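Make a model of this:
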Amino acid sequence: MDRRFQFRRSTTCRIVLGDGVEAQLASLIGELEADHVMLVHDGVLKALAARLARAIGARSTLSVPGGEACKRLDVIGRLAADLSAAGATRGTALVGLGGGTITDLVGFLAATYMRGVPLVLCPTTTLAMCDAAIGGKNGVDVSGLKNMLGTIRQPDLVVADIAWLQSLPDELFREGLVEVVKKAAVLDAASFRRLEQLAPDLAARKPAAVAEVVEMAVMMKMDVVRADETETGRRRWLNFGHTIGHAIESLGAGTIRHGSAVAMGLAAECRAAGAAVPAAVTARIEALLHALGVATAMPRPVADAVRLWQFAQKDKKVRSGSVPMVVPATIGRGKVVELSAQNLARSLA
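Residues are numbered from 1 along each chain as shown. Sure thing, here's the model as predicted:
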């Protein structure tokens, strides 16, 4: 896959996806005609980062511990100071290498450093390839609340090599597939059926199935984002599972990964919506997640309706006290309903 996506309010985003596309990275970055390149990477990817830094001629390489804890303003400040000390200018292309927390962090840094520098994202997890690295959203957490500060700014280039997923532990591999289930459940019934067919091959991590599903995820999301970049309409449907899911993450304080929290959120939001989501729809979503090896039951420490509601009320989507969430009225079609303390409690009963 090698596609360019044009956006009305910002830039053109090029996405190159496939097995072995790492070999193209230097030439693809060269087309951006940047003054020089600097690389920010997850600290666990030292060998890959060193290899890519040599290939692209990176002037500087900065390491950050991955995970949600890195998405903080003090980390942004430190990285900005390091970039400045290394001579970064508005003509510097910033490359982010890692999972979703790294692409969020580096995306925010690139959007704000000197009011914006060229951005290249190299996602190395299924979660980042299928969702976090595409669409232009990025952000940092504040006071334990997810992505409370952020921007919408498309990367200039996303390069995703399926081979980078080979060393990913099973748990991290599976959690990225949750975002594909989410998209298909509210956007595309045919894609959902295809996921059901591919579930055994995906659970076995067969490369052809993985490549097909990552491309499926990219196309579903980019079709929505091109039409609604700033989330005034249909892009809100991509928040399915995230209203309760983000509350679970916040309450878990780093003990529950994003993909796992969203899987729990998908099931909980379907139940909280009551008659708006037919039981058969909820059952199909949970069955697909289970076939992929993803749990939907909340651990006891976060199955606390009162505390989850407190976090949900602080969600970015809240307007005039109303807490909206999107659920599938049928497979492939989303619907906005309101979350309340009462129906949240019902979903956990």
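
does A253 really touch G144, like I thought?
Yes. Judged on CB atoms under 8 Å, A253 makes contact with G144 at a distance of 6.7 Å. Using the backbone N, CA and C atoms, a C-beta is placed for each residue, glycine as well.

tell me which residues in the helix or strand containing I29 are buried?
I29 belongs to helix 25-30 when assigned by DSSP states H and E. For helix 25-30, burial by neighbour count (16 or more other CB atoms under 10 Å) applies to 25, 28-29.

Output the contacting helices and strands for it.
helix 46-56, strand 119-123, strand 157-161 (3 or more CB pairs under 8 Å, 6 or more residues apart in numbering; DSSP states H and E).

Quick one: name whatever helix or strand follows the longest helix seen in the chain.
When every helix of the chain is counted residue by residue (DSSP state H), the longest turns out to be helix 207-227. Going down the chain from helix 207-227, the next helix or strand is helix 242-252, by DSSP H and E.

quick one: contacts of that next one?
68, 144-146, 256, 258, 261-266, 268-269, 272, 298, 301-302, 304, 307-309, 311-312, 315, 317, 323-325, 339, 344, 347 (CB atoms under 8 Å, 6 or more residues apart in numbering).

Quick one, which of the residues you listed are buried?
Buried among these (16+ other CB under 10 Å): 68, 145-146, 256, 258, 261-266, 268-269, 272, 298, 302, 304, 308-309, 311-312, 315, 317, 323, 325, 339, 344, 347.

Now go through these and say which are in strands.
145-146, 323, 325, 339 (DSSP state E).

Show the backbone phi and psi for I331.
Backbone torsions of I331, given as degrees, to the nearest 10, read phi -60, psi 120.

surely it meets L187?
No. The criterion here is CB under 8 Å, and I331 misses it with L187 at 9.9 Å.

Show the contacting residues for the residue lying closest to D228 once chain neighbours are set aside.
Leaving aside its chain neighbours, D228 sits nearest to R235 (4.1 Å; criterion: CB to CB, 6 or more residues apart in numbering). Neighbour list for R235: 224-225, 227-229 [criterion: CB under 8 Å, 6+ apart].

Give me the distance between R235 and S340.
Distance, R235 to S340, using CB to CB, to the nearest Å: 24 Å.

what does A272 give?
Distance from A272 to S340, by CB to CB: 8 Å.

Next, name the residue at the spatial heart of the protein.
A132 (2.3 Å; CA atoms, centre = their mean).
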